[in-house]
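> Quick check, what structure comes out for this input:
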Amino acid sequence: MKALKTLVKFNKTKLDEILVEIKKAEEEISLLTTQANNLAKEINEEINNYHRSEYSFMLEQYLENTSKKQARIKIRIEKLEFYIAGRQQALTEQYAELKKYEIALKNKQKLEYLQIQKAETKLLDEFGTNKPLA
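Model prediction:
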């Protein structure tokens, strides 16, 4: 039974680790989304400020660089979403594994309880009749 308890604890720990990984990836996606939105606002501001000014020649280079940044952010978000999907699958599998061990532990505890009850009943019957029962 000790082995089953250890397996349950181990699987709970693994489950918690997977949940932490998913949460970190989701937080990073949120941060990247905020960065992408800020970058889009910045682009619009720069276009409005310098579109018809003497610095418009620099605007094209700036737009090219920011487009590359946006593409990198988008790719990173897609990779993180793929990673999260994989970790969610692992989470489902780990949860199923945990439940399997929890059920086995519960069944073993129930069996031990019934054996103890049976032994106590036998002892009480022997005591009540003052003769050993087979």
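
> For the helix or strand hosting S30, name the packing helices and strands.
Using DSSP states H and E, S30 maps to helix 2-50. Contacting helix 2-50 under the criterion 3 or more Cβ pairs under 8 Å, 6 or more residues apart in numbering; DSSP states H and E are the following elements: helix 56-129. From N, CA and C alone the C-beta is placed, and that goes for glycine too.

> pLDDT on the helix it packs on, on average?
Across helix 56-129, pLDDT averages out at 90.

> now for it, which elements pack on it?
Counting by 3+ Cβ pairs under 8 Å, 6+ apart, helix 56-129 packs on helix 2-50.

> Just the mean pLDDT for the helix it packs on, thanks.
Here the average pLDDT along helix 2-50 is 92.

> what's the angle between it and helix 56-129?
160 degrees (axes from the mean of the first three to the mean of the last three Cα atoms, to 10 degrees).

> now helix 2-50: how far from the chain's centre is it?
Its chain's average C-alpha position is 10 Å from that of helix 2-50, according to Cα atoms, centre = their mean, to the nearest Å.

> Tell me which residues touch L32, please.
When the contact criterion is Cβ atoms under 8 Å, 6 or more residues apart in numbering, the partners of L32 are 73, 76-77, 80.

> change it to 6 Å
By Cβ atoms under 6 Å, 6 or more residues apart in numbering, the contact list for L32 reads 73, 76-77.

> just the buried members of those residues?
73, 77 (16 or more other Cβ atoms under 10 Å).

> and which of the contacts of L32 is nearest to L15?
Using Cβ to Cβ, I77 is the member of the contacts of L32 that lies nearest L15, at 25.5 Å.

> where's the closest one relative to L32, distance?
5 Å (Cβ to Cβ, to the nearest Å).

> Identify the residue nearest the most centrally placed residue in the chain in space, chain neighbours excluded?
Central residue of the chain (Cα atoms, centre = their mean): L19, 2.3 Å from the mean position. In space, and not counting its chain neighbours, L19 is closest to L91: 6.9 Å by Cβ to Cβ, 6 or more residues apart in numbering.

> Pull the number of nearby residues for the one you found.
Other residues near L91 come to 18 when the count uses other Cβ atoms under 10 Å.
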